[in-house]
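[1] Following is a predicted model, sequence given first.
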Amino acid sequence: MSDSVRLDKWLWAARFFKTRSLATEAVDSGKVKLDGDKVKPARAVRVGDTLDIDNGSDRWEVDVMNLSDVRAAAPIARNLYEETDASVARRATVAEQRKMFREPSADFKGRPTKRDRRQLGKAGGYD
């Protein structure tokens, strides 16, 4: 294998994004940074590089440990990177905050009932 891989292929192979086109869009929109710099999807990733990845639900800071342009099972993909300690702590804090302060709409499935609408009105200050 070569000593570098395209950034979008690596992100897809490491399972940060479901499709390569989603990975490309994220890199183009600046949600992925290589060593703190905004880059393009075709940028070469090498072992030892640091990536800041925002995939919508989480923010990751990872060090590239191995290279692959082939998508594999999750346990194998996990060997492609190592998450920094600061990133692990930050993600744990955010997950804890999500548990404590859930979105009110997360409890509702489908259209709210009359009772649910009343509760939403009271929560929003619309008695």
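    Yes, it's here.

[2] Can you tell me the closest non-neighbouring residue to the spatially most central residue of the chain?
    Using Cα atoms, centre = their mean, the residue of the chain that lies closest to the mean C-alpha position is residue 55, 2.8 Å off. Distance criterion Cβ to Cβ, 6 or more residues apart in numbering; nearest residue to residue 55, sequence neighbours excluded, is residue 16 at 5.4 Å. Backbone N, C-alpha and C define where each C-beta goes, glycine included.

[3] what's the burial count for the residue nearest to residue 13 when sequence neighbours are not counted?
    Nearest non-adjacent residue to residue 13, counting by Cβ to Cβ, 6+ apart: residue 68, 4.5 Å away. Around residue 68 there are 17 other residues, counting by other Cβ atoms under 10 Å.

[4] shouldn't residue 68 be in contact with residue 5?
    Yes: the criterion here is Cβ atoms under 8 Å, and residue 68 meets it with residue 5 at 6.9 Å.

[5] now the strands for the protein?
    Secondary structure of the chain (DSSP state E): strands at 5-6, 32-34, 37-38, 44-45, 50-54, 59-64, 81-83.

[6] So for residue 100, which of the ones you listed sits nearest?
    Residue 100 lies closest to strand 59-64 among these, at 18.8 Å (Cβ to Cβ).

[7] Against which helices or strands is the closest one packed?
    Helices and strands touching strand 59-64, by 3 or more Cβ pairs under 8 Å, 6 or more residues apart in numbering; DSSP states H and E, are strand 50-54, strand 81-83, helix 85-100.

[8] Tell me the buried residues in the last one?
    This points to helix 85-100. Neighbour counts over helix 85-100 (16 or more other Cβ atoms under 10 Å) mark residue 87 as buried.
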